[in-house]
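*Asks:* Here's my sequence, what's the structure:
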Amino acid sequence: FCQVAQSLLVKMVGCEVVNIWVVNTDSTVLLCRHDKDEKPLVASLTSGIVGQVYQNRATVAVPSNLSMHANFDEATDAHRVAGVASNCLDVPLVGENRQVIGVIQCLNRPSGNYSDIEESVLRQVAMLLGPMIQRCSAQMKRDTHLIASEGVLQVSA
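*Replies:* Next up is the predicted model:
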């Protein structure tokens, strides 16, 4: 689900990469996965600009010299970038009850600057996408629990 959203947002915003970081409440880390990733990238809740956005619940836009930003962390803030991460727009991913559940991170827009309208649209997308991700995650947990419990029943039968 997140991979589809990432692809659409790359086209909508016109940037090189969109990463969707989602908090894993069981282990208090942020996870980011792309379709070609074998395992998700794991980052602490305070790692890089992504962590700053998550902790402060506020958008961060860096139009140039991203690697010079005080909170820049290459592993987190340049994930999946082909060359140098030069700019970003990071927006809190808001779930149900206005809880921040992650961050949408747009990297390397050719012009560097994100307009106020694009930032506003991305915030709206984050507010719509958050509850969908929560519902998908909850359904996957229920399905996994059901499969596990059915497996136990089959083994003991």
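
*Asks:* Find out how far stretch 129-138 is from the centre of the chain, if you would.
*Replies:* With CA atoms, centre = their mean, to the nearest Å as the basis, stretch 129-138 stands 12 Å off its chain's centre.

*Asks:* residues making contact with that stretch?
*Replies:* Contact partners of stretch 129-138, identified using CB atoms under 8 Å, 6 or more residues apart in numbering, comprise 1-2, 5, 20, 22, 93-96, 101-102, 104. Placement of C-beta: from N, CA and C, glycine included.

*Asks:* so of those, which ones are in strands?
*Replies:* Among the contacts of stretch 129-138, the members found in strands (DSSP state E) are 20, 22, 93-94, 101-102, 104.

*Asks:* out of the residues you listed, which one sits closest to Pro110?
*Replies:* For the ones in strands among the contacts of stretch 129-138, the minimum distance to Pro110 (CB to CB) is 18.9 Å, reached by Ile104.

*Asks:* pLDDT score assigned to that closest one?
*Replies:* Ile104 carries a pLDDT score of 94 in this model.

*Asks:* so it makes contact with Val91?
*Replies:* Yes: counting by CB atoms under 8 Å, Ile104 does reach Val91; the two are 4.9 Å apart.

*Asks:* between the two, what contacts are shared?
*Replies:* In contact with both Ile104 and Val91: 122, 126, using CB under 8 Å, 6+ apart.

*Asks:* Just want to know which of these two has more residues nearby.
*Replies:* More crowded of Ile104 and Val91, by other CB atoms under 10 Å: Ile104, with 29 against 25.

*Asks:* residue contacts, the more buried one?
*Replies:* Contacts of Ile104 (CB under 8 Å, 6+ apart): 9, 18-21, 90-91, 93, 122, 125-126, 129.

*Asks:* Looking at the ones in strands among the contacts of stretch 129-138, which is nearest His34?
*Replies:* Set against His34, the nearest of the ones in strands among the contacts of stretch 129-138 by CB to CB is Ile20 (9.3 Å).

*Asks:* Tell me what the closest one is bridged to.
*Replies:* As for beta bridges, Ile20 partners with Ile104 under DSSP bridges.

*Asks:* I'd say it and Cys32 touch.
*Replies:* Yes: Ile20 is within contact range of Cys32, at 6.6 Å (criterion: CB under 8 Å).

*Asks:* For this structure, give me the ranges with low pLDDT.
*Replies:* 1-2, 25, 27, 35, 137-157 (pLDDT under 70).
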